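# this is a predicted model, with the sequence first.
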Amino acid sequence: MKTLFKLAAMAVMVVAAFSCKSSSRALLPNVSGKAGEVIVVIDRDSWEGNLGNEVRGILARDCEFLPQREPLYSLVNLAPGSFTDMFKYHRNIVIFNIDTTVQKQGVVYRTDVWAKPQCVIQLNASCPDSAIVVLQKNGENVAGAIEQAERNRVITNTLLYEETPLSLVVEEMIGGKVHFPMGYNLKKKTDDFIWIADEKQYTTQGVFIYKYPVTEEDPFTEENIIAHRDAFLKNYVPGMFDNTYMITSQYITPGVKFLRYHDLDFAETRGLWEVYNDFMGGPFVSHSFYSKDGKDIIVLEAWVYAAKYDKRQYMRQTESLLYSFEWSKDETSEN
């Protein structure tokens, strides 16, 4: 009996040890802080000097293609001595480790250090001037890492509270899924156009999905993308009154970039929309790419109407849904 008891006790201890080890990361607290906020840990002299100006020039520069000026991120400065445990749970943290003993200068990217889902970026340099050089070389990557962390949080929450029927509607038309959270509803569906939106009293976050045959030699020029966009919007997105419909605003010339994400190459187009013969408007971003067979152009577009509010976060939330796109699995290739 004593032997059996000892064996049972040892088994419990082994299970407990493995359970603690395997769940240690799961025990991390959820992140704190507002969406779009970044804590920058740096001494006051550097923050108020040239290094601080460089940080703000990268992380607090104006968001592109918004109707009014809004910073890319809201920055909160903390001196290293003030970076206590209560701040270590923040969603986005950039730490400047500036010390004469630093031998390997550069940027280290980490996730879920003190909380989850957390983005922690540490810049190592021997002096403030060297830190400026490191930041100039890596600034876009730093901003991009924070942006992707913000997107991933939106996508994770979307998948937890997904309106699955909407992704199936999209899949039927384009052969791939875009995932939508609760609150979004199907407003229109045709053979080549889908309109899905989350409409509240004072805000609308909308997504258009449409496709058209490849007819141009270079379909991804700004002129071709906008021409097709305006044709679809005139046909399918009427305004509140007669002879009103959504169009691309000419107030700011749209910008096109070519990006790659999760093995998908696409043209990102940013600009402003407005309603012809009316006074509504706001920002939009679209991803244009070839269908799997290369015969069509598929467009995923996010747009926002929030006349009474800043639009940065509404736009970031809606745009993140585009990054949830995934091609449908080819069942024949799996069998």
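Happy to help now that I have it.
# isn't Gly175 right up against Ser291?
Yes - Gly175 is in contact with Ser291 according to Cβ atoms under 8 Å; the separation is 6.9 Å. Glycine gets a C-beta too; all of them are placed from N, C-alpha and C.
# now the common contact residues for the two.
When Cβ atoms under 8 Å, 6 or more residues apart in numbering defines a contact, no residue borders Gly175 and Ser291 alike.
# can I see the domain layout of this protein?
37-158, 162-334 (automatic domain parsing).
# could you dump the ones you listed to a markdown table with mean pLDDT and mean neighbour count?
Output for the domains of the chain, formatted as a markdown table (pLDDT from 0 to 100; neighbours: other Cβ atoms under 10 Å):
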| stretch | mean pLDDT | mean neighbour count |
| --- | --- | --- |
| domain 37-158 | 97 | 17 |
| domain 162-334 | 95 | 17 |
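# can you redo those domains as JSON lines with distance to Asn30?
Output for the domains of the chain, formatted as JSON lines (distance: least, Cβ to Cβ, whole Å):
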{"stretch": "domain 37-158", "distance to Asn30": "6"}
{"stretch": "domain 162-334", "distance to Asn30": "18"}
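# for Leu27, which of those is the nearest?
domain 37-158 (9.6 Å; Cβ to Cβ).
# and the end-to-end length of that closest one?
End-to-end distance for domain 37-158, by Cα to Cα, to the nearest Å: 20 Å.
# and it, how far out from the chain middle?
17 Å (Cα atoms, centre = their mean, to the nearest Å).
# now the residue most central in space within the chain. Nearest residue, chain neighbours left out?
The centroid of the chain falls nearest to Arg151 when counting by Cα atoms, centre = their mean (2.9 Å). Leaving aside its sequence neighbours, Arg151 sits nearest to Ser320 (Cβ to Cβ, 6 or more residues apart in numbering; 4.2 Å).
# may I have the phi/psi pair for that neighbour?
Main-chain dihedrals, Ser320, degrees, to the nearest 10: phi -60, psi -30.
# dump the residue contacts of it.
Ser320 touches Glu150, Arg151, Val154, Ile155, Thr158, counting by Cβ under 8 Å, 6+ apart.
# repeat that for 7 Å
Arg151, Val154, Ile155 (Cβ atoms under 7 Å, 6 or more residues apart in numbering).
# select from those residues every entry located in helices.
Arg151, Val154, Ile155 (DSSP state H).
# just checking: what are the partner strands of the top strand by length along the chain?
Secondary structure of the chain per DSSP state E: the longest strand is strand 264-276. Partners of strand 264-276 in the sheet, by DSSP bridges, are strand 245-248 (antiparallel), strand 255-261 (antiparallel), strand 281-290 (antiparallel).
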